[in-house]
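**Student:** coords please:
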Amino acid sequence: MRMRTAAGAAGVVLMVGALSGCGTERAVETVDEAVDVLAALRKTSTKADQVGSAQVETTVSMPGLKGVKMEGLWSWGKGTAFDIRMDTKQAGMAAVVKTDTVRVLFVDGTYYYNVDPLLVGGPAGKHWLSVNADVVMGRDGTDMAKQSNPVAGLRFIGSSKQAEEIGEETVLGRKTTHYSAIISKDDLGRAGDVLAPNDKNALMNSFTGGNVTSITLEVWVDGQDLPARIEQKMGKANISMNFKSFDKAKKVTAPAASDVFDMTESLKQQAGTGQS
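**Tutor:** Numbers count the residues shown, from 1 in each chain. So this is what the prediction gives:
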């Protein structure tokens, strides 16, 4: 099973959003409020942040993971959580899940994987395997991710010195305006150091391939001033998110503890031996 690697696909979405809260405020203040493009995008960022939840189709490609697809509910109004489905083979869960997709939850900093009940060992009879997000993102990364969400990356917009309106396009059956922005590492201030850390073994470098100098952000905004699609590129990491619908915050509940087998220590040992 590659639970740690598969969790990284969702983890990179959370980490990128979490970065946007790291030291970008000063850059926002220096942006000319009269620039229509940035004003429109900041309006979208604020409204999306306040909505609370969305049904999202996400595709993530990064070193070690190509075109991983996830679909389902992301909720961030009362702490970040999700209830999504991933392709079983891409998630590396085919040994314990016989269906084409595997259900994955993220609640209070823990990933839960819905599996077929195993017959032997500690997981015998249990329907869920869990892993603490610290194994994937580190404790600091998990703390940041708990406050993140799939639209948080829009906060980067205020730091951009290169933003433009591309034009009108139809996305998911909705009329949208397409915007593009490039945000350099220097524009991001302290967040830029997190985006491209000097430590070659840092988690963000494993997501992006390292040597990231900028973020390219493409946003399609609908008539409700909400994103229909967001695409982000950072080094070798590419994230595409289609927002099918928005709603108020929704609660995602963890499975009963009696039906969960914790794989955290096992995955820590795998990580120590270079397995994932």
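
**Student:** Show me what secondary structure element comes after the helix or strand containing I230.
**Tutor:** Taking DSSP states H and E as the definition, I230 sits inside strand 227-234. From strand 227-234 onward toward the C-terminus, using DSSP H and E, the following helix or strand is strand 237-247.

**Student:** re the thing from before, mind giving me the packing neighbours of the strand holding I230?
**Tutor:** Packing partners of strand 227-234 (3 or more C-beta pairs under 8 Å, 6 or more residues apart in numbering; DSSP states H and E): strand 174-184, strand 214-222, strand 237-247. Every residue, glycine included, has its C-beta placed from N, CA and C.

**Student:** Could you dump the ones you listed into JSON lines and include mean pLDDT, distance to S45 and mean neighbour count?
**Tutor:** As requested, those are exported to JSON lines (pLDDT from 0 to 100; distance: least, C-beta to C-beta, whole Å; neighbours: other C-beta atoms under 10 Å):
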{"stretch": "strand 174-184", "mean pLDDT": "91", "distance to S45": "11", "mean neighbour count": "18"}
{"stretch": "strand 214-222", "mean pLDDT": "90", "distance to S45": "9", "mean neighbour count": "22"}
{"stretch": "strand 237-247", "mean pLDDT": "93", "distance to S45": "13", "mean neighbour count": "18"}
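
**Student:** Mind checking those for the one nearest to T101?
**Tutor:** Nearest to T101 among the helices and strands packed on strand 227-234 is strand 237-247 (16.5 Å), distances taken as C-beta to C-beta.

**Student:** Quick check: neighbours of the closest one in the sheet, parallel or antiparallel?
**Tutor:** strand 53-62 (antiparallel), strand 227-234 (antiparallel) (DSSP bridges).

**Student:** what's the most buried one of those?
**Tutor:** For the strands paired with strand 237-247, the largest average neighbour count (mean count of other C-beta atoms under 10 Å) is found in strand 227-234, namely a mean of 22.

**Student:** Please enumerate residues in contact with that strand?
**Tutor:** 16, 44, 48, 150-151, 153-154, 171-172, 174, 176, 195, 207-208, 212, 214-222, 238-243 (C-beta atoms under 8 Å, 6 or more residues apart in numbering).

**Student:** repeat that with 6 Å
**Tutor:** 48, 153, 171-172, 174, 176, 208, 212, 215-220, 222, 239-243 (C-beta atoms under 6 Å, 6 or more residues apart in numbering).

**Student:** mean confidence for that strand?
**Tutor:** Throughout strand 227-234, pLDDT has a mean value of 92.

**Student:** Specify the angle between that strand and strand 214-222 in degrees.
**Tutor:** 170 degrees (axes from the mean of the first three to the mean of the last three C-alpha atoms, to 10 degrees).

**Student:** Now do strand 227-234 and strand 174-184, the angle between them.
**Tutor:** 20 degrees.

**Student:** Any stretches of this structure with poor pLDDT?
**Tutor:** 1-12, 14-35, 119-122, 136-148, 158-159, 185, 187-211, 270-276 (pLDDT under 70).

**Student:** what about the helices in it?
**Tutor:** 3-19, 25-29, 36-51, 134-145, 190-195, 203-208, 264-272 (DSSP state H).

**Student:** Tell me the buried residues in the third one?
**Tutor:** Using 16 or more other C-beta atoms under 10 Å as the burial criterion, the residues of helix 36-51 that qualify are V37, L38, A40, L41, R42, T44, S45, K47, A48, D49, V51.

**Student:** before we move on, back to that, make a markdown table out of the strands paired with strand 237-247 and add distance to V96.
**Tutor:** As requested, those are exported to a markdown table (distance: least, C-beta to C-beta, whole Å):
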| stretch | distance to V96 |
| --- | --- |
| strand 53-62 | 22 |
| strand 227-234 | 31 |
